[in-house]
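Engineer: Below are the sequence and a predicted model; questions follow.
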Amino acid sequence: MEIVRQEAKSAHLCPRGHVATICIRVFKGRRDVLVHLFRPDWASEEAVYPWPELVQQDPQTGPSTCRGDSRAVLLESFNREEMDQIVAYLTARYADRLTRISINSLEFPLPAGLLPLSAMPEGKDIGRIRFEIVPHYPLPFVVHGLYDLSQHKPLDPGPSQT
């Protein structure tokens with residue numbers, strides 16, 4: 001399993017801003033499925049950040065008419081300590097199932113109107129992994145993973161029979 005880290009080019013303006021994607025070798029009949037990790041619970045932190053420095057405002061639309069919520073994108077991200085805990089957990093528990101963990105830092109200010117992962121509806125191809133329901137989940141915070149099976153090829157069924 002490969003762990004790839006890409007740090008921000010500029011200094012972080014807040015503790016949050018670390019994001020991760022894992023690549024699962026085989027998942028739900030698909031190969032190399034990308035799963036984007038995020039924090040689903042963050043409402044208590046919303047007021048503590050210098051938002052004008054972190055998120056660009058779209059002058060033509062107000063926050064209530066904007067399609068996305070770039071603030072939520074930031075709030076769904078992890079701090080460095082949480083990210084280190086996630087990597088340690090995934091490495092210990094899922095190393096044989098993962099091919100890669102990619103860790104990136106958000107660049108600030110974020111553009112206005114980004115769609116947070118938590119806003120994506122689950123359906124036929126889009127779903128969530130809720131790590132906290134796995135027995136013996138050790139982390140003190142909740143982590144979810146969003147995947148889209150339509151973006152990944154099915155496993156090769158082998159030679160066709162004629």
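Structural biologist: Nice, I can see it. Numbers count the residues shown, from 1 in each chain.

Engineer: Now do the lengthiest helix in the chain, average pLDDT.
Structural biologist: Secondary structure of the chain per DSSP state H: the longest helix is helix 80-94. For helix 80-94, mean pLDDT rounds to 97.

Engineer: For it, which outside residues touch it?
Structural biologist: When contacts are defined by Cβ atoms under 8 Å, 6 or more residues apart in numbering, helix 80-94 is touched by residues 1, 3, 15, 18, 20, 22, 37, 39, 78, 98, 101, 103, 138-139, 141, 143. All C-beta atoms are positioned from the backbone trio N, CA, C, and that covers glycine.

Engineer: Which among these count as buried?
Structural biologist: 18, 20, 22, 37, 39, 78, 98, 101, 103, 143 (16 or more other Cβ atoms under 10 Å).

Engineer: from those residues, which two are the most distant?
Structural biologist: Spatial extent of the buried ones among the contacts of helix 80-94 (Cβ to Cβ) is set by the pair Arg39 and Leu98 at 19.7 Å.

Engineer: Quick check, pLDDT for the closest residue to Leu74 other than its chain neighbours.
Structural biologist: With Cβ to Cβ, 6 or more residues apart in numbering as the criterion, Leu74 has its nearest non-adjacent residue at 5.6 Å, and that residue is Arg16. Looking at Arg16, its pLDDT is 92.

Engineer: which residues does Arg16 contact?
Structural biologist: Residues counted as contacts of Arg16 (Cβ under 8 Å, 6+ apart) are 45, 49, 74-75, 77-79.

Engineer: Would you mind writing the PyMOL command to select the buried ones in those?
Structural biologist: Filtering the contacts of Arg16 down to the buried ones (16+ other Cβ under 10 Å) takes a single PyMOL command:
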select buried, resi 49+74+75+77+78+79
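
Engineer: Report the buried residues of the helix or strand of the chain with the lowest mean pLDDT.
Structural biologist: In the chain, the helix or strand scored least confidently by mean pLDDT, DSSP states H and E is helix 51-54, which has a mean of 89. Under the neighbour-count criterion of 16+ other Cβ under 10 Å, helix 51-54 has 51, 54 buried.

Engineer: Beyond it, next helix or strand please.
Structural biologist: With elements assigned by DSSP states H and E, the helix or strand that comes after helix 51-54 is helix 70-76.
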